[in-house]
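Visitor: return atomic coordinates for the entry below.
(chains A and B)
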There are 2 protein chains.
Amino acid sequence: MASFQGPLLYEGKAKKVFGTDHPEECLVLFKNDITAFNSKKHAHLESKGSLNCQISALVFKLLERNGIPTHFLAVREDSLMLVQKVEIIPLEIVVRNVASGSLCKETPIKAGSKLAHPLVDFYYKDDDLADPLLTDARLDLLDLVTLSQRMEIKNLALRVNNCLKDFFQEIDLLLVDFKIEVGFNKNGELLVSDEISPDSCRIWDLNIENQEDRILDKDRFRKDLGGLTDSYLEVLRRIQSSNQFSLKDSLN
Amino acid sequence: MASFQGPLLYEGKAKKVFGTDHPEECLVLFKNDITAFNSKKHAHLESKGSLNCQISALVFKLLERNGIPTHFLAVREDSLMLVQKVEIIPLEIVVRNVASGSLCKETPIKAGSKLAHPLVDFYYKDDDLADPLLTDARLDLLDLVTLSQRMEIKNLALRVNNCLKDFFQEIDLLLVDFKIEVGFNKNGELLVSDEISPDSCRIWDLNIENQEDRILDKDRFRKDLGGLTDSYLEVLRRIQSSNQFSLKDSLN
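Guide: As a prediction, this is how the structure comes out:
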C-alpha cells in the first residue's frame, strides 16, 4: 500500500486528491469547507472533514462487507483516506426513498412523501451548468456511458440504497436520499467512489418528530438550522454503536 | 358538426377554448397574446392568432393525411378552430432534431449541433413549477400515464417529427424542434392536440445563413429580434406553396 502523500491531482469543493507512490492508489483529504446551492453558500466548519472521513470509511466498509465494491482502502489520518484510483464518471447519481429537496421543486410530489419505490436520478456533474438533471435519452445522447454501463450504475446505486437503508433503520436513522459518484478502476471494475457522508445524504433521526430537529445532514447548513457538526457526530456515534462495527473498526 | 360558440371552458396563455352544441367538439380561439419565459415576457401582436390558427390547421391536415390522428376538425373563422374534445395529458412533449434552447443550458451540447437521432423530452405542464423536465422514472412515479401510454406518446411524437421534418425540408425550412400536447378523446384514441405553429416550433429558413436572420419562430420574440408576424406569415406562405396543399386547402 502507498506510504506517502504525493502531488495534488485534483481539488474539489470539499476534498483534495493526492497521488501516492503507488500508481493505482490516491489519498483523499476531506476538507472542512462546506458549500451548497452550487457554491453560492460557503462556510468552514472545524472537524467537519474528519467526521465525514470517518463516516465515509465506515459506510464503505459496510458496503464492501455486503459485496458492493468501493474505492476505499484505509483511513490514514484523521481526515485522510487511502483509496483506489478510479476514472470518475461525471455523473451524480441520486437515490431517493422520501421526497425532499429539488424533487419537490421539480414535481408536484410533496416534501416528506414516501416514494412508492426508490427513484434514481442522474445529474450531469458540471458546476457551470449547475449539475442539471439528465433523462435517460439525454444521457444516451451525451455518450458518457454505454447503455449497459448505465444499467450497471443504476443497479449499483439501488444495491447501495438497499444496504444503507436497512443499516440506517437499525440505528434509528431514516435514509431520505443520497448521492454517489462512481468510477472504473484500471481493471474496469465499477466502484462506489467519492464519499458517503451527511454532506451527500439526507438523514433524519427516527427518534425525533419535529421536522427541523430531526435533520442530521447538510440540510442543517442549507436551511441555516445550526448544529451541523453535532449532527454529523451523532451520525458517526450511531454508526459506531451498530452491531455491524466493533470498537476496533470504528477506531480503524 | 357544432354550429355555435358556447361557454368558455378554459383559458390559457395563447388560447381560449369554448364549448359548442356538440358534446364532443370545442372551439379554440387563437389569441394575439404571446408569452415567453413562463409568462415573464408578454406582448400582444396583431394577427398572430390568425396566423397560428391557419398554420396549425394546415399542419394538422398534413398529419391526418399521413395517418397521424389529431384533434383538428375545421377552421371556423380567422382564428377559430373547431376540434375534437380531448382529455389533455398535462405534459409538454418536445422533439428535438438540432440542439437549441434549454437543451443547451442543461447539457454541454452546443447550440446548432445536429443530434445523432431525435431527442424526445417530456416536461410536466405546470406554470407554478415552470414546466420541469421529467425523467422516465419521475414520469412513472407521477402516474400521469401508464408505461404503455408513455411509449405510445413517444412513438406518436416521433411520427409527427418524421412527417413534419420531411415536409418542412421540402419547403426549405429546418424543423429544429417542436412541442406538442396530446390527449385522449372519448373513444380512448390518442390525438395530437393544442397547436403546431411557430409559437411551438423552432423553424429556421434554409435559404438564409445568418443565424439571427433565419429564425422564423417565437425565438424572434424571446431574443427581441423583431419581425415576428412577418416570419410567421413567411412560414404560412411556404406551407401554402407546398405541393401538398391546393389553393382550396389553404383557404379552407
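
Visitor: drop to CA atoms for contacts and neighbour counts, all remaining ones
Guide: Fine.

Visitor: would you verify that A:N52 is located in a helix?
Guide: Yes - counting by DSSP: H, G, I helix; E, B strand; the rest coil, A:N52 is part of a helix.

Visitor: distance of it from chain B?
Guide: Distance check for A:N52 against chain B: by C-alpha to the nearest C-alpha, to the nearest Å, it reads 30 Å.

Visitor: do the same with A:Y10
Guide: According to C-alpha to the nearest C-alpha, A:Y10 stands 21 Å off from chain B.

Visitor: which other helices and strands contact whichever strand or helix holds that residue?
Guide: Using DSSP states H and E, A:Y10 maps to strand A:8-11. Packed against strand A:8-11, as judged by 3 or more C-alpha pairs under 8 Å, 6 or more residues apart in numbering or on different chains; DSSP states H and E, are the following elements: strand A:15-19.

Visitor: need the residues that contact the strand it packs on.
Guide: With C-alpha atoms under 8 Å, 6 or more residues apart in numbering or on different chains as the test, strand A:15-19 has contacts from A:5-11, A:25-31.

Visitor: quick one: name the residues of the stretch 101-250 of chain A near chain B.
Guide: By the rule C-alpha under 8 Å from any C-alpha of the partner chain, the part of the stretch 101-250 of chain A lying against chain B is A:105-109, A:115-116, A:119-121, A:124, A:129, A:132-138, A:141-142.

Visitor: enumerate every residue touching the spatially closest residue to A:L228 that is not a sequence neighbour.
Guide: What sits nearest to A:L228 in space, not counting adjacent residues and going by C-alpha to C-alpha, 6 or more residues apart in numbering or on different chains, is A:R220, at 6.0 Å. Listed by C-alpha under 8 Å, 6+ apart, the contact partners of A:R220 are A:226-228.

Visitor: of the residues you listed - the most surrounded one?
Guide: Each of those was scored for neighbours by other C-alpha atoms under 10 Å in any protein chain shown, and A:L228 scores highest at 20 neighbours.

Visitor: okay, helices next: where are they in the stretch 1-150 of chain A?
Guide: Taking DSSP state H, counting those that start in this stretch as the test, the helices found in the stretch 1-150 of chain A are A:48-65, A:102-106, A:136-142, A:147-170.

Visitor: what's the closest of these to B:L206?
Guide: helix A:136-142 (25.1 Å; C-alpha to C-alpha).

Visitor: neighbours of A:L73, how many?
Guide: Around A:L73 there are 17 residues (other C-alpha under 10 Å).

Visitor: from B:L134, how far out is the residue of chain A found nearest chain B?
Guide: Using C-alpha to the nearest C-alpha, A:T135 is the residue of chain A that sits closest to chain B, at 4.6 Å. Distance, A:T135 to B:L134, by C-alpha to C-alpha, to the nearest Å: 7 Å.

Visitor: common neighbours of the two, please.
Guide: Common neighbours of A:T135 and B:L134 are listed as B:D121 (criterion: C-alpha under 8 Å, 6+ apart).

Visitor: buried ones in stretch A:119-136?
Guide: A:119-126, A:131-136 (16 or more other C-alpha atoms under 10 Å in any protein chain shown).

Visitor: ditto for stretch A:83-103
Guide: Across stretch A:83-103, burial judged by 16+ other C-alpha under 10 Å covers A:83-86, A:88-100, A:103.

Visitor: also stretch A:206-216?
Guide: Buried-residue list, stretch A:206-216, by 16+ other C-alpha under 10 Å: A:214-216.

Visitor: just the ones of those in helices?
Guide: Among the buried residues of stretch A:206-216, no member falls in helices (DSSP state H).

Visitor: ok, so of these, who is nearest A:G49?
Guide: A:L216 (15.6 Å).

Visitor: do I have it right that A:S47 meets A:T229?
Guide: Yes - applying C-alpha atoms under 8 Å as the test, A:S47 and A:T229 come out as touching, 7.4 Å apart.

Visitor: of these two, who's got more company?
Guide: Neighbour totals were compared for A:S47 and A:T229, and A:T229 leads with 21 against 18 (other C-alpha under 10 Å).

Visitor: name the SS class of the more buried one, please.
Guide: helix.

Visitor: not counting its neighbours along the chain, what's nearest it?
Guide: A:K48 (6.2 Å).

Visitor: for that neighbour, give me its contacts.
Guide: Here A:K48 is in contact with A:31-33, A:229, A:232 (C-alpha under 8 Å, 6+ apart).

Visitor: local confidence estimate at it?
Guide: With respect to pLDDT, A:K48 scores 96.

Visitor: ok, and what's touching stretch A:67-85?
Guide: Contacts for stretch A:67-85 (C-alpha under 8 Å, 6+ apart): A:23-31, A:49-54, A:57, A:60-61, A:63-64, A:86, A:156, A:159-160, A:185-186, A:190-193, A:252.

Visitor: end to end, how far does that stretch reach?
Guide: Terminal-residue distance, stretch A:67-85 (C-alpha to C-alpha): 19 Å.

Visitor: out of the contacts of A:K48, list just those in strands.
Guide: A:D33 (DSSP state E).

Visitor: turn the contacts of A:K48 into CSV, columns for pLDDT.
Guide: Converted to CSV, the contacts of A:K48 look like this (pLDDT from 0 to 100):
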residue, pLDDT
A:K31, 97
A:N32, 96
A:D33, 94
A:T229, 96
A:Y232, 98
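
Visitor: what subset of the contacts of A:K48 is buried?
Guide: For these, buried by 16+ other C-alpha under 10 Å: A:31-33, A:229, A:232.

Visitor: what about A:L9, how many residues nearby?
Guide: Counted with other C-alpha under 10 Å, residues neighbouring A:L9 total 12.

Visitor: also the one 3 residues further on?
Guide: Here the count is done by other C-alpha under 10 Å, and A:G12 has 9 residues near it.

Visitor: could you do A:R150 as well?
Guide: The number of residues packed near A:R150 is 16, by other C-alpha under 10 Å.
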